[in-house]
Structures are given as structure tokens and as C-alpha cells.
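Participant: Sequence plus the predicted model coming up.
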Amino acid sequence: MARPKPDFPPAAALLALADDRRRLALRVTPGARSEQIALGEGAVLIKVRAKAHDGEANAAVLAMLARALDLPGSKLHLLRGATGRDKLVQIDI
């Protein structure tokens, strides 16, 4: 049985949480049962199935965020949080 595709919040709502430099704060849960993007207070909450091993979860987070924002993955850069759950991502538009 195929896994359902995650529902994403509108791209405008995600971009509204970015600061004036287009940096977006994320709170990530790796190894989750299902993938999800939700809006939190001042941060975007992202759950990914990928485990936090060899950067797999970070790659999955950036790919899912790129799909949600309808941007190519090359427009997103991880600034902080490569080894933690709290991350800061730069959005190049």
C-alpha cells in the first residue's frame, strides 16, 4: 500500500514565518511515522521518515521544504543545525 502524500501549508504561510533575510527557523523530527509540515509559533515543524544518519534527514527536510515552497532544492541552504533538531534555512528567491 502506498503511503499518502503529505499535505503542505500554503507557500505564502511558510514564507510569512521567514525573517527579513529570508531565513526560516525549523524544528525537525527525524524518524517519524509520517511526513508532515506544520506551522508553529515562530518556526516550521517538519516530520520526516528519514533517520538522522549521515545527513539523510537533512536532505529529506530540504527536499520536502522545496516541494512545499514550489522551489528547486538548489534555492534552499542549511545555515545552522546540521546535527540538531533546530535548523535555520536560507531561502534564495
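Facilitator: Cool, got the structure.
Participant: what's the closest non-adjacent residue to residue 43?
Facilitator: residue 25 (4.2 Å; Cβ to Cβ, 6 or more residues apart in numbering). Using the backbone N, CA and C atoms, a C-beta is placed for each residue, glycine as well.
Participant: separation between the one you found and residue 5?
Facilitator: 25 Å (Cβ to Cβ, to the nearest Å).
Participant: the more surrounded of these two?
Facilitator: Under the neighbour definition other Cβ atoms under 10 Å, residue 25 and residue 5 were set side by side, and residue 25 has more, 17 against 8.
Participant: pretty sure the more buried one is in a strand, no?
Facilitator: Yes: under DSSP: H, G, I helix; E, B strand; the rest coil, residue 25 falls within a strand.
Participant: partners of it in the sheet?
Facilitator: residue 88 (DSSP bridges).
Participant: contacting residues for residue 78?
Facilitator: Contacts for residue 78 (Cβ atoms under 8 Å, 6 or more residues apart in numbering) come out as 58, 62, 87-90.
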